[in-house]
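> Give me a model of this one.
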Amino acid sequence: MIFIVAKWPIKPEFADQWPELVAEFTAATRAEPGNKWFEWSRSLEDPNTYVLVEAFDDDAAEAHVTSAHFTTATSELPKYLQRTPDIVNFSLEQDEWSQLGEMSVD
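Here you go, the predicted structure:
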């Protein structure tokens, strides 16, 4: 799978609205064939930063970045950002989350 983590630095005046601003993009991406997850979290250290964790089947990434909703997001969302988001992108030999080996909950 393709596993991506991106840090989105939002302008302070839009940070509280961010989940609403990306709601259509999020729903459309989650509905894509091959999308495994697309989850937003807000940073505890910087409330103006959101972290997006997403994963796709290996063959689904191209369809994602060429979709109409992705094109709309790349043209509309930058006006809400402080700067270009940071990203880490990996291809992994697994299809789902693994359990944390150092901690077990019974």
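> Just the buried positions in the least confident helix or strand in the chain by mean pLDDT, please.
Ranked by mean pLDDT, DSSP states H and E, the helix or strand of the chain with the weakest confidence is helix 61-65, at a mean of 85. By 16 or more other C-beta atoms under 10 Å, the buried positions in helix 61-65 come out as A61, H64. Quick note: C-beta positions are derived from backbone N, CA and C, even for glycine.
> After that helix, which helix or strand is next?
The helix or strand immediately downstream of helix 61-65 is helix 68-76, counting by DSSP states H and E.
> and that next one, what does it pack onto?
Applying 3 or more C-beta pairs under 8 Å, 6 or more residues apart in numbering; DSSP states H and E, we find helix 68-76 packed against helix 23-30.
> can you list the residues that contact the helix it packs on?
N35, W37, F38, W40, E54, H64, S67, H69, F70, T72, A73, L77 (C-beta atoms under 8 Å, 6 or more residues apart in numbering).
> Three-state assignment for the third one, please.
Secondary structure assignment for F38 (DSSP: H, G, I helix; E, B strand; the rest coil): strand.
> Next up, the contacts around it.
F38 is in contact with T26, T29, R30, L52, V53, E54, counting by C-beta under 8 Å, 6+ apart.
> What is the burial count for the first one?
What it means is T26. 18 (other C-beta atoms under 10 Å).
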